[in-house]
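Undergrad: Sequence unavailable; structure follows:
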């Protein structure tokens, strides 16, 4: 079960690198890539929570704690992207 959740997490993490292409593309494409990055941040946090939930379901406390500690950057990104995702903003900074 954990392997099935790791594959989407890898896809999300690789897709998170797509905004780097925005440096080469035009401003319209940059905006849409930034909006996609917000959705990817939220999806990454949800997948990490699912991974931790699976570890807890199988009573692997150490694995869940390890994923929780390793997932701190993902959770911080999700926390910062959640308002923009919820309200539909594109995080203009």
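TA: Ah, there it is. Bear in mind that the values here come from a model prediction, so they are computed numbers and not experimental data. Numbers count the residues shown, from 1 in each chain.

Undergrad: Give the buried residues for stretch 13-29.
TA: By 16 or more other C-beta atoms under 10 Å, the buried positions in stretch 13-29 come out as 15-16, 19, 22. Where you see a C-beta, it was placed from the backbone N, CA and C, and this is true even at glycine.

Undergrad: Contact partners for the spatially most central residue of the chain?
TA: Geometric centre of the chain, nearest residue: residue 44, 2.3 Å, by C-alpha atoms, centre = their mean. By C-beta atoms under 8 Å, 6 or more residues apart in numbering, the contact list for residue 44 reads 9, 12-13, 16, 74, 77-78.

Undergrad: Residue 86 sits in which helix or strand?
TA: helix 72-87 (DSSP states H and E).

Undergrad: Please report phi then psi for residue 24.
TA: phi -90, psi -30 (degrees, to the nearest 10).

Undergrad: can you check residue 16 too?
TA: The phi/psi pair for residue 16 (degrees, to the nearest 10) is phi -70, psi -20.

Undergrad: where does it sit relative to residue 42, distance-wise?
TA: 11 Å (C-beta to C-beta, to the nearest Å).

Undergrad: And residue 30, by the same measure?
TA: 19 Å.

Undergrad: Now do the contacts for residue 8.
TA: 43, 47.

Undergrad: what's the answer for the one 5 residues further on, then?
TA: Residues touching residue 13, when contacts are defined by C-beta under 8 Å, 6+ apart, comprise residue 44.

Undergrad: Going forward, the N-terminal residue is numbered 20.
TA: OK, 20 is where the count begins now, so the last one is residue 32.

Undergrad: element containing it, please.
TA: Per DSSP H and E: helix 21-34 holds residue 32.

Undergrad: ok, now residue 64?
TA: helix 46-76.

Undergrad: in this protein, which helix or strand is least confident?
TA: helix 21-34 (a mean of 75; mean pLDDT, DSSP states H and E).

Undergrad: what's the angle between that helix and helix 91-106?
TA: 70 degrees (axes from the mean of the first three to the mean of the last three C-alpha atoms, to 10 degrees).
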